[in-house]
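Chemist: how would this look folded up:
(one chain, ligands or ions: 1)
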Amino acid sequence: PGLEDLRRAVGKLLKRSGPYEALVKEYVRDVQRALIPADVNVRLVFELTRRIRERALQERPPPGVSRREWLVKITYEELVKLFGGDGEPEVKPRYTPYVIMMVGVQGSGKTTTVGKLAKFYRSMGYRVGVVAADTYRPGAYEQLRQLADRVGAMFYGEPGSKDAVGIARRGVEELRKRGAEIIIVDTAGRHGYGEEEALLEEMKNIAEAINPDEVMLVIDAAMGQKSYDLAKRFHEATPIGSIIVTKMDGTAKGGGALSAVAATGARIKFIGTGEDVDELEVFRPKRFVARILGMGDLESLLEKIERLQSVGEFEKTMEEMMAGKITFRTIYKQLHQMKKLGPFRKVLQMLPGFSAMLDSFDEAARVSEEKMKKWISIMDSMTFEELDNPELLEQRSRVRRLAIGAGVETSDVRELYNYYKTVKRMMKQLRKRKDILEKLSRLGKLPG
Ligand code: GDP
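Modeler: Purely as a prediction, here's the structure:
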């Protein structure tokens, strides 16, 4: 039981039929049953499911998307929020040499993670050095020396010495001289759970000596929602901090740890997924959620929804254009949507009502990306009056002014004006054609 049950909940939802409200109710309960055993904080779980329920009952999916499919999309979005939001962590150092200091409770996987990070940055092409300043755990020096060897990182350590601060300082200095671009310092985290204060105090002492560019806190996923307190204090103590959650492979509480850390606002950069040096992943909430919900199906569903949403918007604009007055405001909106949708022809094929007019449209639709950009910047330079009354562009002084304002040629402005006239003409034709079609279909329905 745990996060994997989310996939099952979604699968069940998509298969079931019955009154929607009852489905939502049952589904929300399934989601809770998956998240609570994963040690996600109960308050967070109820907030999440309350939002899912609310949105499920309020929002209307675009045409072509069922309410249940839409509910899956809502779930995806809300889970992404729970696990840290839309953003992707920045793992490439902004400059070099770049000093990373690792802290963490003993046994959390700190030294192993130093090796993993060294490998990660080596494979990005950096010259990496590691410093063994964990003087407390007897095996740490030898463990790190071997890891460094394996991943091709430079190594600094002073076997037998207990002077962690001194080792850290000398190590950074020495590795910098030897040309390391990324230096990772393993420190002694000798404190048990619940002793955050002492751990963070020690972090400050060493940080003062080596002035790191980033401090990374290693948290064992098995801590589950208990990670919240530690992550919160850490997040408050250092503005240059990020978090690595290790042992995601070994516990059902991983979801709890991730959501607890995310709730503090701290950044999770990596997750550890095994004992091997390769088993480190950049943490991307969207990808993580997609994976627990079943990547393949979800991706195609999200794509379908996005496409239908865009087509729906475009169709609305087309209908508005047919029904109402065409101005540069409508052209502006249309161009933006076209940019989003890609080639015009394909778009029109998706709209049954318009496909008949394809050929006449196609001509005017040959609008290149470059042209669109120019036209959009011309319209950005227009006054409200011009946006609402395109015919004002019959005046040459306006054409000149707009060309200068947008940094384009007067011929570009004239071209845009011609496009407007073409669209207007076509819309008129479409309107006529639609009237005829409607009349015909009405006639068709007459008996006999
Ligand atoms: P430290 O005391 O924090 O430096 O901890 P170590 O790096 O020595 O790791 C403690 C134990 O956790 C070792 O047995 C590691 O192999 C193991 N470990 C570290 N990271 C992971 C991980 O992501 N997954 C699993 N399954 N084990 C891990």
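Chemist: most centrally placed residue in this structure?
Modeler: Central residue check for the chain by C-alpha atoms, centre = their mean: the C-alpha nearest the mean position is that of Asp86, 3.4 Å away.
Chemist: helix/strand/coil for that residue?
Modeler: In the three-state summary, Asp86 is assigned as coil, counting by DSSP: H, G, I helix; E, B strand; the rest coil.
Chemist: list the contacts of it.
Modeler: By C-beta atoms under 8 Å, 6 or more residues apart in numbering, the residues touching Asp86 are Val80, Pro285, Lys286. C-betas here are computed from N, CA, C, even on glycine.
Chemist: which one of the residues you listed sits in the busiest neighbourhood?
Modeler: When neighbours are counted by other C-beta atoms under 10 Å, Pro285 leads the contacts of Asp86 with 21 neighbours.
Chemist: can you get me a residue count around Glu303?
Modeler: For Glu303, the neighbour count with other C-beta under 10 Å is 10.
Chemist: the strands in the stretch 201-350 of the chain, which residues?
Modeler: Assigned strands in the stretch 201-350 of the chain, in chain order: 214-220, 241-246, 268-272, 280-282 (criterion: DSSP state E, counting those that start in this stretch).
Chemist: and the third one with the ligand, contact?
Modeler: So the one you mean is strand 268-272. Yes. Using C-beta under 6 Å from any ligand atom, strand 268-272 reaches the ligand at Gly272.
Chemist: which helices and strands does that strand pack with?
Modeler: Strand 268-272 makes packing contacts with helix 110-123, strand 241-246, helix 254-264, strand 280-282 when contacts are defined by 3 or more C-beta pairs under 8 Å, 6 or more residues apart in numbering; DSSP states H and E.
Chemist: out of these, flag the one nearest Arg33.
Modeler: Nearest to Arg33, of all the helices and strands packed on strand 268-272, is helix 254-264, at 12.8 Å by C-beta to C-beta.
Chemist: check which residues of the closest one are buried.
Modeler: By neighbour count on 16 or more other C-beta atoms under 10 Å, the buried set for helix 254-264 is Gly254, Gly255, Gly256, Ala257, Leu258, Ser259, Ala260, Val261, Ala262, Ala263, Thr264.
Chemist: convert it to PDB, retaining C-alpha atoms only.
Modeler: Presented in PDB, the C-alpha positions along helix 254-264 are these (Å, rounded to 0.1, in the frame of the first residue of the first chain):
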ATOM      1  CA  GLY A 254       9.000   8.400   0.500                       C
ATOM      2  CA  GLY A 255       5.900  10.300  -0.400                       C
ATOM      3  CA  GLY A 256       5.600  11.500   3.200                       C
ATOM      4  CA  ALA A 257       9.200  12.800   3.200                       C
ATOM      5  CA  LEU A 258       8.900  14.600  -0.100                       C
ATOM      6  CA  SER A 259       5.600  16.300   0.700                       C
ATOM      7  CA  ALA A 260       6.800  17.200   4.100                       C
ATOM      8  CA  VAL A 261       9.900  18.900   2.800                       C
ATOM      9  CA  ALA A 262       8.000  20.600   0.000                       C
ATOM     10  CA  ALA A 263       5.600  22.000   2.500                       C
ATOM     11  CA  THR A 264       8.400  23.900   4.100                       C
END
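Chemist: do that helix and the ligand meet at all?
Modeler: No. No part of helix 254-264 sits close enough to the ligand to count as contact by C-beta under 6 Å from any ligand atom; the gap is at least 10.2 Å.
Chemist: that helix vs strand 268-272, what angle?
Modeler: Between the axes of helix 254-264 and strand 268-272, defined by axes from the mean of the first three to the mean of the last three C-alpha atoms, to 10 degrees, the angle is 170 degrees.
Chemist: next, the angle strand 214-220 makes with helix 254-264.
Modeler: Orientation of helix 254-264 against strand 214-220 (the same axes, to 10 degrees) gives an angle of 140 degrees.
Chemist: and stretch 172-191, what's its mean pLDDT?
Modeler: For stretch 172-191, mean pLDDT rounds to 91.
Chemist: er, stretch 373-388 I mean
Modeler: Averaging the model's pLDDT scores along stretch 373-388 yields 92.
Chemist: name the residues of it that are buried.
Modeler: Using 16+ other C-beta under 10 Å as the test for burial, stretch 373-388 gives Lys374, Trp375, Ile376, Ile378, Met379, Ser381, Met382, Glu386, Leu387.
Chemist: pLDDT-wise, which helix or strand of the chain ranks last?
Modeler: Taking mean pLDDT, DSSP states H and E as the measure, helix 358-365 is the helix or strand of the chain with the lowest mean score, a mean of 53.
Chemist: helices or strands next to the helix or strand that that one is followed by in the packing?
Modeler: Along the chain past helix 358-365, the next helix or strand (assigned with DSSP states H and E) turns out to be helix 369-380. With contacts defined as 3+ C-beta pairs under 8 Å, 6+ apart, the secondary structure elements packing on helix 369-380 are helix 328-341, helix 396-406, helix 410-445.
Chemist: name the residues that touch helix 369-380?
Modeler: Helix 369-380 is contacted by residues 328, 331-332, 335-336, 338-339, 367, 387, 402-403, 405-408, 412-413, 415-416, 419 when judged by C-beta under 8 Å, 6+ apart.
Chemist: how far is the helix or strand following it from where the chain is centred?
Modeler: Taking DSSP H and E as the definition, the helix or strand that follows helix 369-380 towards the C-terminus is helix 384-388. Taking the mean C-alpha point of helix 384-388 and that of its whole chain, the gap between them comes to 37 Å (C-alpha atoms, centre = their mean, to the nearest Å).
Chemist: what's the pLDDT at Arg366?
Modeler: We note a pLDDT of 62 for Arg366 in this prediction.
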